[in-house]
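Trainee: sequence and predicted structure are below.
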Amino acid sequence: MKSAKKPRVVVNIIKEDKGYGATAKIEDKFIATSGDSFDELKEMIVDAVNLAVEEEGLQYSFEEFGLVYDMESFFSFYKVINAKALSKRIGMNQSLLSQYISGIKKPSSKQTGRILREVQQIGKELSEVKFLL
């Protein structure tokens, strides 16, 4: 295998009527795939990207991808994030947040920013947690 520098791969993930879709662009190559579940989608993304770059002697693992989610996919994958508790932290109506999460309503870019900042803050807080031993 050649030791070429790997381009960064950003994968956009969207909730579809059935399952999930993913798209990415690596230099001049457009990649699109889908899966019925997140686990299947992960496998399909790895296979599709590696097929697209095999002539360059490159190979990727899922952990190397940058992921960009639509809101519905994100909350579907990370069910551990409780919408009720998140809405309280943000100061947003729980019903409205639930409608954004389920795809019934589309949030404005300002609302999306509010939600994203709080989710990232939760992630930061969790990454700093320590347990007593």
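Mentor: Yep, that arrived.
Trainee: separation between Leu41 and Phe77?
Mentor: 9 Å (Cβ to Cβ, to the nearest Å). For glycine as for every other residue, the C-beta is placed from the backbone atoms N, C-alpha and C.
Trainee: higher neighbour count, those two?
Mentor: Taking other Cβ atoms under 10 Å, Leu41 and Phe77 do not tie; Leu41 has more neighbours (22 against 18).
Trainee: counting neighbours, what do you get for Ile101?
Mentor: Neighbours of Ile101 using other Cβ under 10 Å come to 20.
Trainee: report the buried residues of the helix with the most length in the chain.
Mentor: Secondary structure of the chain per DSSP state H: the longest helix is helix 109-127. Residues of helix 109-127 classed as buried: 111, 114-115, 118-119 (neighbour count, 16 or more other Cβ atoms under 10 Å).
Trainee: likewise for stretch 10-23?
Mentor: So for stretch 10-23, counting by 16+ other Cβ under 10 Å, buried means 11-13, 15, 20-23.
Trainee: where does confidence bottom out across these?
Mentor: For those, the model is least confident at Lys15; its pLDDT is 91.
Trainee: doesn't Ser95 lie inside a helix?
Mentor: Yes. Secondary structure assignment (DSSP: H, G, I helix; E, B strand; the rest coil) places Ser95 inside a helix.
Trainee: tell me how many other residues surround it.
Mentor: 11.
Trainee: separation between it and Ser87?
Mentor: Here Ser95 is placed at a distance of 8 Å from Ser87 (Cβ to Cβ).
Trainee: which neighbours do these two share?
Mentor: Shared contacts of Ser95 and Ser87 (Cβ atoms under 8 Å, 6 or more residues apart in numbering): none.
Trainee: in stretch 62-69, what's buried?
Mentor: Those would be 65, 67, 69, for stretch 62-69 by 16+ other Cβ under 10 Å.
Trainee: can you give me the end-to-end span of stretch 121-133?
Mentor: One end of stretch 121-133 to the other measures 25 Å (Cα to Cα, to the nearest Å).
Trainee: for stretch 69-86, same thing?
Mentor: 18 Å.
Trainee: quick one, what contacts the residue nearest to the spatial centre of the chain?
Mentor: Centrality entry for the chain: nearest residue to the mean C-alpha point is Tyr69, 3.6 Å, by Cα atoms, centre = their mean. Going by Cβ under 8 Å, 6+ apart, Tyr69 touches 13-14, 77.
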